[in-house]
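In: could you work out the structure for the sequence below:
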Amino acid sequence: MTEMNAPAMTVTEVVLPGKVEPSGLRLAQRELPPPAAGQALVRVESTAVSFAESAMRRGRYYGQPPFPFVPGYDLVGVVEAIGPGVDSALAGKRVAVLTKTGGWATAALLTAADLVEVPERVGADEAETLIVNGVTAYQMLHRSAKVRAGQTVLVLGASGGVGTILVQLARHAGARVIGTASPRHHNALRELGVEPIDYRDPDLTARIRELAPGGVDAVFDHLGGASVTRSYRLLNRPAPWSPTASRASSTTPRPSCSASCCCWRNSPTGTTCPPAGTRASTTSGQARGNRTQPSGRRSGPGCAPISRTCSACYATACSPRRSPPATRWPR
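Out: Predicted coordinates:
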């Protein structure tokens, strides 16, 4: 289709009506108008269920729209029609896009500038697994921790969606990777060049210290809470601490270092306690690409409140330049 002959389309969407169990999700249909200027109509081939949607279903995801709405943080699909001002070469192309919401549908109207063409040799499902997970991993590794060749990093949950991509990107960057996972995943991790450790080892810290006696350059922690304290202490140099992987700069009055600590899930308790005397930051502007903002000094003996969704993955830049408005449904 082109902008000249694109009719309205009936789409089916999965609606999250409120705080419900998965069985409480409902299907609904509505008419999508032809794409407006700068828009593209994308027929959805693949979307996913991630931690973000699980949190949204409980009303616990930072910045989620009011109920009811259509979830779906990302999607892969084929451009069926384009609006005025959009390059005609985009029509018929398979594309990937971060939506934050609206992906659980048979089709979606999206800002054409946010669409990324998928190579022909890559299937829709394969590409879908790389959108949120891949951007999350890339942002933490290169924009937050700024890992370099020759460094050693620790990845907790190395066999998960984000972790699997993160360890491959780290190895591609020339870093040594230590990763925690259940034993059944260890062989697969070894094939990726990872040195695996059983995450249930009662002396996990000692096992990590055996592999990295001098500490590691960065820790990627998906657990949050008390785990961040342990992660911080595994770093190879003292460093100002932030839930989104702050790095001290030689241009700041803080000590220069090469240590970073990244969290990409929410803190179970809402409070994390780095070693006394350190500064803490909270994430704000989640899914808008805002930088970490100072949240104040310590509120106790080394304890600093952090965002309930202290996510490097969704707080730093894991969002399109412009997010389409969430689809609202009558209650």
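In: now do the strands in the stretch 51-200 of the chain.
Out: Under the criterion DSSP state E, counting those that start in this stretch, the stretch 51-200 of the chain contains strands at 74-82, 94-98, 107-111, 116-117, 152-155, 176-181, 194-198.
In: now for the fourth one, which elements pack on it?
Out: Which is strand 116-117. Applying 3 or more Cβ pairs under 8 Å, 6 or more residues apart in numbering; DSSP states H and E, we find strand 116-117 packed against strand 94-98. Where you see a C-beta, it was placed from the backbone N, CA and C, and this is true even at glycine.
In: check residue 326 and give its pLDDT.
Out: Among the per-residue scores, residue 326 shows a pLDDT of 44.
In: distance of the closest residue to residue 25 other than its chain neighbours relative to residue 29?
Out: By the measure of Cβ to Cβ, 6 or more residues apart in numbering, the closest residue to residue 25 outside its immediate chain neighbours is residue 14, 5.5 Å from it. Relative to residue 29, residue 14 is positioned 11 Å away (Cβ to Cβ, to the nearest Å).
In: do the same with residue 102
Out: For residue 102 relative to residue 29 (Cβ to Cβ), the value is 15 Å.
In: low-confidence ranges, the stretch 151-300 of the chain, go.
Out: Residue ranges of the stretch 151-300 of the chain with pLDDT under 70: 238-300.
In: can you count the residues close to residue 202?
Out: Neighbour count of residue 202, defined by other Cβ atoms under 10 Å: 7.
In: doesn't it belong to a helix?
Out: No - per DSSP: H, G, I helix; E, B strand; the rest coil, residue 202 lies outside any helix segment and is coil.
In: so who does it touch?
Out: For residue 202, the contact set (Cβ atoms under 8 Å, 6 or more residues apart in numbering) is empty.
In: related to what we said a few turns ago, and the strands of the stretch 51-200 of the chain as CSV, adding distance to residue 67 and mean neighbour count?
Out: What follows is those, written out as CSV (distance: least, Cβ to Cβ, whole Å; neighbours: other Cβ atoms under 10 Å):
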stretch, distance to residue 67, mean neighbour count
strand 74-82, 21, 24
strand 94-98, 22, 21
strand 107-111, 19, 22
strand 116-117, 30, 12
strand 152-155, 35, 25
strand 176-181, 35, 24
strand 194-198, 40, 20
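In: and of the ones you listed, who's closest to residue 227?
Out: strand 176-181 (10.4 Å; Cβ to Cβ).
In: can you give me the angle the closest one makes with strand 194-198?
Out: Going by axes from the mean of the first three to the mean of the last three Cα atoms, to 10 degrees, strand 176-181 is angled at 30 degrees with respect to strand 194-198.
In: just checking: what are the partner strands of strand 176-181?
Out: Each strand paired with strand 176-181, and its direction, by DSSP bridges: strand 152-155 (parallel), strand 194-198 (parallel).
In: helix or strand next in line after the last one, which one?
Out: The C-terminal neighbour of strand 194-198 among helices and strands, as given by DSSP states H and E, is helix 204-211.
In: quick one: list the elements packing against that following helix.
Out: Looks like helix 204-211 contacts strand 176-181, strand 194-198 (3+ Cβ pairs under 8 Å, 6+ apart).
In: redo these as CSV? Include distance to residue 45.
Out: Below are the helices and strands packed on helix 204-211 laid out as CSV (distance: least, Cβ to Cβ, whole Å):
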stretch, distance to residue 45
strand 176-181, 30
strand 194-198, 31
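In: who has more neighbours out of residue 14 and residue 29?
Out: residue 14 (18 against 10).
In: hmm, residue 68 and that one touching each other?
Out: No - between residue 14 and residue 68 there is no contact under Cβ atoms under 8 Å: 10.8 Å.
In: for residue 13, which non-adjacent residue is closest in space?
Out: Residue 13's closest residue in space is residue 105 (Cβ to Cβ, 6+ apart), at 4.2 Å.
In: and for that neighbour, the neighbour number?
Out: Using other Cβ under 10 Å: residue 105 sits among 27 other residues.
In: contacting residues for it?
Out: Residue 105 touches 11, 12, 13, 14, 44, 47, 70, 72, counting by Cβ under 8 Å, 6+ apart.
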